[in-house]
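*Asks:* build me a structure from this.
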Amino acid sequence: MELTVLGATGATGTELVRQGLERGHTVTAVARDPDRITLPPSGRLKRVAGDVLDPDSIGRALKGARTVLSGLGITGAPGVLTSGARAAVDAGPDFVVWLAAFGTGDSAQHAGAFTRTLLKTFMRKELDDRTTADAIVLRGGSTVFHAGPLSDGDLSPTRRTVPLESAPRRFFPARVSRATVAAAMLDEAEQRRYGGGIAVPLER
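*Replies:* Okay, here's the model as predicted:
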């Protein structure tokens with residue numbers, strides 16, 4: 001497959017690119033500064049400059065993309081996720097796999113009152129950006145992943161992905177490694193099981 005990864009210099013984006021190459025895919029890695037993509041050279045890896053806050057720049061970077069995966073995170077600049085989601089959908093790919101946070105938007109009720117309070121307190125300025133980006137991707141028939149707090153741990157040998165309605169209800173969402181999240185997102189890019197819905201990556 002030909003994959004395009006947004007936010008390729010971030011920790012999750014790097015995992016998406018690395019694992020995508022390991023699976024034999026051709027990967028276009030998009031970042032504001034592609035020289036900061038730390039993975040070794042590969043004949044199947046193309047580094048491309050693109051800034052989601054610059055419509056012309058990101059439009060050029062995504063031109064012809066067929067499957068887009070997002071490792072974008074909040075950078076402090078307002079509207080990063082919304083701009084990225086619009087750019088990804090407007091590029092006209094066949095499918096988008098988007099990363100979001102468990103406890104925001106449609107998963108808020110599954111996260112419990114304590115988590116909702118924490119997110120409203122510490123992510124207040126980000127919540128609208130996150131939920132708007134989710135809605136844009138879902139309207140396009142693609143998949144949004146709502147992951148719990150991310151860690152730098154190894155890929156879980158017992159990992160699984162469930163639809164939001166089957167996600168365990170916990171006092172606080174379980175941590176999940178970026179490697180596990182990236183693997184789940186790549187599974188979805190290959191299989192497209194949850195299109196138009198929210199999926200939750202779990203380690204057990």
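
*Asks:* for the rest of this, base every contact and every neighbour count on C-alpha atoms.
*Replies:* Will do.

*Asks:* list the contacts for the residue nearest to Phe95 when sequence neighbours are not counted?
*Replies:* Nearest residue to Phe95, sequence neighbours excluded (CA to CA, 6 or more residues apart in numbering): Thr67, at 5.0 Å. Contact analysis of Thr67 by CA atoms under 8 Å, 6 or more residues apart in numbering lists 2-4, 93-97, 189.

*Asks:* Val17 now?
*Replies:* With CA under 8 Å, 6+ apart, Val17 has these contacts: 5, 8, 27, 29.

*Asks:* list the beta-bridge partners for the third one.
*Replies:* Read it as Val27. Val27 has these beta-bridge partners by DSSP bridges: Leu3, Leu45.

*Asks:* surely it touches Gly13?
*Replies:* No - under the criterion of CA atoms under 8 Å, Val27 is not in contact with Gly13, lying 11.4 Å apart.

*Asks:* show me where pLDDT drops low in this structure?
*Replies:* 76, 114, 116, 118-124 (pLDDT under 70).

*Asks:* next, give phi and psi for the most centrally placed residue in the chain.
*Replies:* What sits nearest the mean C-alpha location of the chain, by CA atoms, centre = their mean, is Leu99, with 2.5 Å. Note on Leu99: its backbone torsions stand at phi -100, psi 130 [degrees, to the nearest 10].

*Asks:* what do you get for His146?
*Replies:* Per degrees, to the nearest 10, the backbone of His146 is at phi -110, psi 110.

*Asks:* residues contacting it?
*Replies:* So His146 contacts 99-103, 107, 198-201 (CA under 8 Å, 6+ apart).

*Asks:* related to what we said a few turns ago, buried members of the contacts of Thr67 into ChimeraX, please.
*Replies:* The ChimeraX command for the buried members of the contacts of Thr67 (criterion: 16 or more other CA atoms under 10 Å) is given here:
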select :3,4,93,95,96,97,189
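
*Asks:* next, give me the two most distant ones among the contacts of Thr67.
*Replies:* Glu2 and Val97 (13.5 Å; CA to CA).

*Asks:* please list the residues outside the longest helix along the chain that contact it.
*Replies:* Taking DSSP state H as the assignment, the helix of the chain that covers the most residues is helix 124-139. Residues outside helix 124-139 that contact it (CA under 8 Å, 6+ apart) are 74, 78-86, 89, 96, 98, 100, 104-105, 120, 143-144, 195-197.

*Asks:* can I assume Glu190 sits in a helix?
*Replies:* Yes - Glu190: assigned to a helix according to DSSP: H, G, I helix; E, B strand; the rest coil.

*Asks:* now it: closest residue in space, sequence neighbours ignored.
*Replies:* Of all residues not flanking Glu190 in the chain, Met1 sits nearest, at 8.0 Å (CA to CA, 6+ apart).

*Asks:* do the same with Thr158
*Replies:* That would be Arg204: by CA to CA, 6+ apart, it lies 5.1 Å from Thr158.

*Asks:* does that neighbour touch Leu155 like I think?
*Replies:* No - Arg204 is beyond contact range of Leu155, at 11.3 Å (criterion: CA under 8 Å).

*Asks:* alright, I will stop here.
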